[in-house]
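>>> need the 3D shape of this:
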Amino acid sequence: MTIDELYRTVRVVANKEQRGFLKPSEFNLLADRAQMELFTQRYNNLKLHQTASTKSGVMTLMPGAAFGSSQKAFDDLRPFLAYNQPLTFTDGGTDAWTYPTDYIHAIALTLNNVEVELIGEDKLMKRINSTIVPPSPEHPIAIQDRSGFVIFNSGTVPTTGALGIGTTVGTVRLSYLARPTRPQWAFEEINGNPIYNPSNSTDLQFNEQTHNEIAMKILSYLGIHIREADLQTAVNNKEQTGV
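Take a look at the predicted model:
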């Protein structure tokens, strides 16, 4: 459904429950909160099953993954998958490859088309000093700090400058989950009433099958708890009667 249909759906139920007029500004705030709650739920589901695989740039289920819940999580999160996006190097500080502005979660990182292994900072020096699996151009590693990704493709930490300086010359690309765009029910005020303006509005990025769930989350923030079947009945009655 469009953002206008979502707003009208929520208003139908809120009016039925005598919760008063839901202002556009309130709806926009709650719609973003609801979609971020849904995003977090789906994202946490993927983390539980650890099913992410991005070989050949395609996100698929790993063998042995629980198909039902994790497959739906993949399907619902597909609109937010950004593949092979180039990163910019920040010279100074920790010399990190900077996060995209809409970055939420890393899926795959590459340096010169070679996959980079993401590790915890607590394992960094052990790997750098390792005689078995040290970082190399064929097997680079990276840690994350608040600025971005610090990549190492050598078993030597530079003695001058910040960690990582001089170790990652080349092209770095990131596949990641991006933050959902904030939904916006835009309007023009005519005779004191907000009138929907589709040209300045922003629809949900989530697929259609999640929109009822988002509507119910918005209603729950208003103290209205409703089943999906009852939500659909209320919408159908509104369409049939026009009231």
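>>> rest of the way, CA atoms for contacts and neighbours
OK.
>>> mind listing the helices for the chain?
Shown for the chain, the helices assigned by DSSP state H span residues 3-16, 24-49, 67-77, 124-128, 211-221, 228-241.
>>> out of the ones you listed, which gets nearest to residue 147?
The minimum distance between residue 147 and the helices of the chain falls on helix 124-128, with 17.2 Å, by CA to CA.
>>> tell me the buried residues in that closest one?
When burial is assessed from 16 or more other CA atoms under 10 Å, helix 124-128 yields the following buried residues: 124, 127-128.
>>> what's the answer for stretch 132-143, then?
Buried residues in stretch 132-143, counting neighbours by 16+ other CA under 10 Å, are found at 134-135, 139-143.
>>> let me have those in a markdown table, extended by distance to residue 96.
Shown next, in a markdown table, are these (distance: CA to CA, whole Å):
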| residue | distance to residue 96 |
| --- | --- |
| 134 | 20 |
| 135 | 17 |
| 139 | 18 |
| 140 | 14 |
| 141 | 13 |
| 142 | 10 |
| 143 | 9 |
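>>> nearest to residue 13 among those residues?
Residue 13 has its nearest neighbour among those in residue 143, at 47.7 Å by CA to CA.
>>> surely that closest one touches residue 149?
Yes. Because the distance of 5.8 Å satisfies CA atoms under 8 Å, residue 143 is recorded as touching residue 149.
>>> neighbours around the closest residue to residue 99 other than its chain neighbours, how many?
Nearest residue to residue 99, sequence neighbours excluded (CA to CA, 6 or more residues apart in numbering): residue 148, at 4.9 Å. By the criterion of other CA atoms under 10 Å, residue 148 has 20 neighbours.
>>> sketch out the low-pLDDT regions of this structure for me.
By pLDDT under 70, the low-scoring segments of the chain are 46-69, 92-94, 155-168, 235, 237-243.
>>> for it, which strand is longest?
Secondary structure assigned by DSSP state E gives strand 103-111 as the longest strand of the chain.
>>> number of residues surrounding the nearest residue to residue 150 once chain neighbours are set aside?
In space, and not counting its chain neighbours, residue 150 is closest to residue 96: 4.6 Å by CA to CA, 6+ apart. Residue 96: 27 surrounding residues under other CA under 10 Å.
>>> could you do residue 199 as well?
As a burial measure, residue 199 scores 8 neighbours (other CA under 10 Å).
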